[in-house]
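# Here is a sequence together with a model predicted from it:
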Amino acid sequence: MTHRIEKWLVSLGFALRKAYWKILTAKPSIFIVAGIVAALSIFLLGGGIYDILEKPMTSLPWGRGILFFFPGLQQQFLGDSLFAMFSYAIGVVGILLMYQSTKYAYKPRQAFMLLLLGAIFIIIAYVFIEYAIFSKLFPPQATSAG
């Protein structure tokens, strides 16, 4: 009985060493690593940690409508974070499109189209983020129902 347990422990140690070595020597694709880093950065910049820790509200009734952006800088709704993450993702896609345009040096029309599309995406992301900041700095006034 003890010989069987000893053999199992030795083979378990060998299997764990082999798995550990495979993890250490793994070489993932650069695109996968870059995608994971970009997604993690977007999550952190968009306020994902705040959303996990604070569990913010999704919206708030305000006058005759519903607010999806918190009217102030001290707190945020879940919509604020999702909007920021979406805007940052659009900006990253724009940067990637502009980077891809450099690979088409011998096809100037395609390079120009990718460059233009990437610039448009970056401008859209910038406008979205500026709108979010402006709506937090100058919140809408509640209308009286009377």
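Great, that's in hand. Residues are numbered from 1 along each chain as shown.

# Give me the phi and psi angles of the residue nearest the centre of the chain.
Residue closest to the mean C-alpha point of the chain, counted by Cα atoms, centre = their mean, is residue 42 at 2.9 Å. Note on residue 42: backbone dihedrals following degrees, to the nearest 10 are phi -60, psi -40.

# Any idea how many residues pack against the closest residue to it other than its chain neighbours?
For residue 42, ignoring the flanking residues on the chain, the nearest one in space by Cβ to Cβ, 6 or more residues apart in numbering is residue 88 at 4.6 Å. Glycine gets a C-beta too; all of them are placed from N, C-alpha and C. Residues lying near residue 88 (other Cβ atoms under 10 Å) number 20.

# What is the host helix or strand of residue 88 packed up against?
Residue 88 is part of helix 78-101 when elements are defined by DSSP states H and E. When contacts are defined as 3 or more Cβ pairs under 8 Å, 6 or more residues apart in numbering; DSSP states H and E, helix 78-101 packs onto helix 30-45, helix 48-54, helix 108-137.

# How about that helix, which residues are buried there?
Residues of helix 78-101 classed as buried: 78-85, 87-94, 96-98, 101 (neighbour count, 16 or more other Cβ atoms under 10 Å).

# What mean pLDDT does it get?
For helix 78-101, the mean pLDDT works out to 91.

# Next: stretch 112-120.
For stretch 112-120, mean pLDDT is 95.

# Contacts for it, please.
Stretch 112-120 is contacted from outside by 93-101, 104, using Cβ atoms under 8 Å, 6 or more residues apart in numbering.

# Using a markdown table, lay out the residues you listed together with distance to residue 139.
Output for these, formatted as a markdown table (distance: Cβ to Cβ, whole Å):
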| residue | distance to residue 139 |
| --- | --- |
| 93 | 30 |
| 94 | 29 |
| 95 | 31 |
| 96 | 34 |
| 97 | 34 |
| 98 | 35 |
| 99 | 38 |
| 100 | 39 |
| 101 | 39 |
| 104 | 45 |
